[in-house]
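*Asks:* got a predicted structure plus its sequence, pasted below:
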Amino acid sequence: MMMPVASRTDAFTAFQSQLRTLCLNEFPCGSGSWRTSTEKNVSDTRFTVTLKDYGANKEQEEALEEFVTSKFSPYSVDYSWSDEAKGLREIAVKSPWLITEDFIHNHFKTLRIVDKNVHHLDTGLLKLPYLEELTVTANHLTTVHSQNIPKTVKVLELVANKIDDLEQLCEDPPPELQHLGLGLNNISALHDYITGAYWPCLLSLDLSHNNLCDLIEIINKLSSLPKLRNLVLLGNPLALIPGYRGFTIDSLRKLDILDDLMISADEKHHFKGLARRKEYVLDEAKMTVKISAATGIPPPPEMLSTEEVPLYPVTTRTYYVEFKFLEDFQSKTRAESDNKKEQEKDKDQEKDAVANGNPAGGDDGGDKENPVTITEESSDVTSTCSPQPDPKDPTLTPSHTPPPTLKLVPYRTKGIHWTEAGFQFQYSQDIVIDDLPALKEYFKKGMELSIKEDKILSRPAETEESTEESKGGKDGKGKDKPPPPTGDKKKKKKEPEVELVHSPPEVSVLGTYTLELAEFIEGEYMIDETCTCKGQEGTTTGEEEVLKEEDDGTDSKKDKKKKKERSDSPKGKKGKGDGKESKEGKDKGKKPASKPDKKESKAKRPGSGKSQHSDEEEEKPPPPPLTVSISVELHHWKTAQESIPSQTVMEKMALLEETIHE
């Protein structure tokens with residue numbers, strides 16, 4: 001069955017439903033039959049009722065008041081939606097004849113409508129002429145008509161709605177409004193609506209957790225508010241800029257509180273002059289990711305096996321930590337410039353081909369859809385995932401579309417071979433992000449970490465001589481070859497090293513972890529954590545691989561090696577009779593060693609071996625957890641001096657500008 005959908009309501013309808021919960025005309029309120037009569041014109045004689053039963057079915061006024069004021073009373077109701085709700089109910093007990101519609105409307109000064117599915121502020125609110133505080137939070141407002149708000153309102157709280165347009169709010173706002181709360185909405189621009197012309201008495205403004213990105217433009221608009229003392233911009237993409245707090249403090253000199261933190265005199269002194277350096281305040285964030293060490297990685301099976309390992313193939317295993325992050329601004333601009341150059345080259349080639357009579361042009365454009373960029377600082381290969389949406393598209397607004405799909409690229413540490421001392425990566429990567437809304441969305445989802453293993457098999461390269469020899473051995477033509485000359489041992493030392501052919505790496509994920517980064521949105525600048533990774537299903541440790549290799553099948557590694565030796569040896573290339581003789585000789589040599597004692601045979605029964613194996617497994621301690629020590633820092637300026645970039649940074653910026661212009 002489908003769940004019933006809550007119907008849309010207006011603000012005044014929600015107020016009336018909350019007012020009915022006070023039960024102003026029901027027991028213990030109102031002038032019902034449960035009250036003692038206070039009218040003087042009623043004549044009581046000694047014949048109407050006896051003294052014993054007088055007032056038995058009536059309640060005294062003190063008892064009715066106790067029913068209303070006591071928290072433990074069964075008639076207690078919720079008063080949190082208004083500061084005057086409890087007082088109105090007490091009046092309904094003491095003086096019920098005063099309770100009229102006009103009296104009720106004139107009584108309220110505060111009104112809170114929270115999570116009542118309100119979609120519209122209607123004209124019914126104008127019936128509350130003395131309302132000073134109006135709170136309509138956690139509802140579904142998209143626009144607010146200021147003409148429907150009483151002019152006496154001084155506090156207007158519209159947090160956690162879906163407001164994306166402020167034009168109708170500024171048509172005729174309350175002239176004495178002191179606090180305006182617009183946090184947790186979909187506001188992406190202020191335009192000229194939050195200025196001193198509309199809000200001359202505004203002392204406090206809450207714009208937290210919206211989609212504001214242009215720091216300099218927003219601060220210029222807010223600087224026109226003459227009485228602004230408290231400002232909250234936390235949770236916006238612009239709050240991720242390194243110079244956000246310093247630039248705001250120096251631009252709004254009269255501000256006392258920023259993001260619920262008092263502005264000290266030292267901060268004002270340290271950030272003095274930053275408002276005049278607007279060219280250094282860029283709409284981009286800088287992150288530093290450091291991965292120091294990893295522990296708990298199991299040893300490779302080659303080190304645990306007790307059997308002889310064949311010479312080839314050579315197994316090389318490297319371990320590294322990989323995480324996904326947004327693409328760096330510098331590498332992105334380089335990739336864009338490279339793509340432009342390639343496109344220009346392709347156009348030139350097409351023109352030349354047309355001029356030469358070959359309209360087909362070049363066919364070198366197969367890899368342009370998925371370009372590969374290499375960052376210089378980390379020398380890691382990063383590939384693009386999905387195309388970015390066009391920012392000029394008018395349909396891409398916060399109210400019409402969900403958050404954009406994130407374009408993530410992998411970053412990884414250097415590969416390290418397994419050691420008992422652990423893995424000291426000492427990895428550090430600076431990442432500059434210019435897409436601030438995408439960075440905010442990335443912080444909400446968290447960083448995906450993974451510990452990976454690359455396994456590469458190396459074999460000697462097959463030359464023409466070796467292939468001919470192998471063919472001759474199969475056809476029987478290679479039997480009459482002369483024996484090797486006597487100085488072979490000396491010549492082998494002078495021979496060059498064997499060239500090895502490396503196979504593509506087999507990547508296996510040992511463990512994953514999602515690092516929560518939502519604290520950056522709430523104002524934190526550093527997250528330092530030792531992550532305990534979860535193992536992937538289907539992956540096995542080195543000990544498990546060794547046990548599987550020993551238990552699975554009848555042919556162990558030794559048998560396989562012996563078979564290879566037999567096939568490679570000259571005896572193995574002879575007739576069948578020689579092979580039988582060699583097998584018999586080997587079996588004869590194995591007989592005395594394979595004879596078990598009687599005591600050992602009794603001890604090694606079918607059931608006893610399994611029990612001993614299970615006991616050994618129970619006695620083994622659990623493997624250590626996979627851990628990664630990581631720290632993520634969001635850069636922020638502590639003084640105005642930090643806004644001046646270093647010479648190396650200036651040179652990089654100049655190179656980027658040159659590449660962009662080219």
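*Replies:* All right, it came through fine.
*Asks:* can you give me the helices in the stretch 301-450 of the chain?
*Replies:* 301-304, 329-355, 436-445 (DSSP state H, counting those that start in this stretch).
*Asks:* can you flag the weakest of these by average pLDDT?
*Replies:* Comparing mean pLDDT over the helices of the stretch 301-450 of the chain, the weakest stretch is helix 329-355, at a mean of 62.
*Asks:* how about low-confidence regions in the stretch 451-600 of the chain?
*Replies:* Flagging of the stretch 451-600 of the chain using pLDDT under 70 yields the residue ranges 463-496, 536-600.
*Asks:* next: the chain.
*Replies:* 1-6, 32, 34-62, 330-404, 463-496, 536-619, 646-662.
*Asks:* ranges for the strands of the stretch 201-350 of the chain?
*Replies:* With DSSP state E, counting those that start in this stretch, the ranges of strands along the stretch 201-350 of the chain come out as 204-206, 230-232, 257-258, 261-262, 285-295, 314-326.
*Asks:* and the fourth one, which strands flank it?
*Replies:* Sheet pairing here is set by DSSP bridges, and for strand 261-262 it gives strand 257-258 (antiparallel).
*Asks:* ok, residues contacting the partner strand?
*Replies:* Arg229, Asn230, Leu231, Val232, Leu233, Arg245, Thr248, Ile249, Ile263 (Cβ atoms under 8 Å, 6 or more residues apart in numbering). The way it works is simple: take the backbone N, C-alpha and C, and place the C-beta from them, glycine included.
*Asks:* how about a cut-off of 6 Å?
*Replies:* The set of residues that contact strand 257-258 without belonging to it, under Cβ atoms under 6 Å, 6 or more residues apart in numbering, is Asn230, Leu231.
*Asks:* check stretch 417-426 too.
*Replies:* With contact meaning Cβ under 6 Å, 6+ apart, stretch 417-426 is reached by Ile291, Ala293, Ala294, Thr295, Pro299, Pro300, Thr413, Ile416.
*Asks:* how about 7 Å then?
*Replies:* If you take Cβ atoms under 7 Å, 6 or more residues apart in numbering as the criterion, stretch 417-426 is touched by 291-295, 297, 299-300, 317-319, 321, 413-414, 416.
*Asks:* tell me the buried residues in that stretch?
*Replies:* Trp418, Phe423, Phe425 (16 or more other Cβ atoms under 10 Å).
*Asks:* any idea how far the first one is from Ile630?
*Replies:* So the one you mean is Trp418. For Trp418, the distance to Ile630 under the criterion Cβ to Cβ, to the nearest Å works out to 20 Å.
*Asks:* kindly report the same for Leu19.
*Replies:* Taking Cβ to Cβ as the measure, Leu19 falls 54 Å from Ile630.
*Asks:* looking at these two, which is more packed in?
*Replies:* With neighbours defined as other Cβ atoms under 10 Å, Leu19 and Ile630 compare such that Ile630 has more, 24 against 17.
*Asks:* which strand residues bridge the more buried one?
*Replies:* With DSSP bridges applied, the residues forming beta bridges to Ile630 are Ile291, Glu529.
*Asks:* contacts only, for it.
*Replies:* Contacts were defined as Cβ under 7 Å, 6+ apart; by that measure Ile630 touches Lys290, Ile291, Leu449, Leu515, Glu529, Cys531.
*Asks:* surely the first one is in contact with Ser631?
*Replies:* Same thing as Lys290. Yes. Applying Cβ atoms under 7 Å as the test, Lys290 and Ser631 come out as touching, 4.8 Å apart.
*Asks:* CSV for the strands of the stretch 201-350 of the chain, including distance to Leu212 and mean neighbour count?
*Replies:* Output for the strands of the stretch 201-350 of the chain, formatted as CSV (distance: least, Cβ to Cβ, whole Å; neighbours: other Cβ atoms under 10 Å):
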stretch, distance to Leu212, mean neighbour count
strand 204-206, 12, 20
strand 230-232, 12, 21
strand 257-258, 15, 16
strand 261-262, 19, 10
strand 285-295, 14, 19
strand 314-326, 19, 19
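*Asks:* a markdown table for the ones you listed, including distance to Lys638?
*Replies:* Rendered in a markdown table, the data for the strands of the stretch 201-350 of the chain read as follows (distance: least, Cβ to Cβ, whole Å):
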| stretch | distance to Lys638 |
| --- | --- |
| strand 204-206 | 25 |
| strand 230-232 | 20 |
| strand 257-258 | 15 |
| strand 261-262 | 14 |
| strand 285-295 | 14 |
| strand 314-326 | 25 |
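*Asks:* for Leu128, which of those strands is the nearest?
*Replies:* When the strands of the stretch 201-350 of the chain are ranked by distance to Leu128, counting by Cβ to Cβ, first place goes to strand 204-206 at 22.2 Å.
*Asks:* assign Gly87 to helix, strand or coil.
*Replies:* Remark: Gly87 carries the secondary structure label helix [criterion: DSSP: H, G, I helix; E, B strand; the rest coil].
*Asks:* burial of the residue lying closest to it once chain neighbours are set aside, as a residue count?
*Replies:* Closest residue to Gly87 in three dimensions, ignoring its sequence neighbours and counting by Cβ to Cβ, 6 or more residues apart in numbering: His107, at 7.7 Å. Neighbours of His107 under the rule other Cβ under 10 Å: 17.
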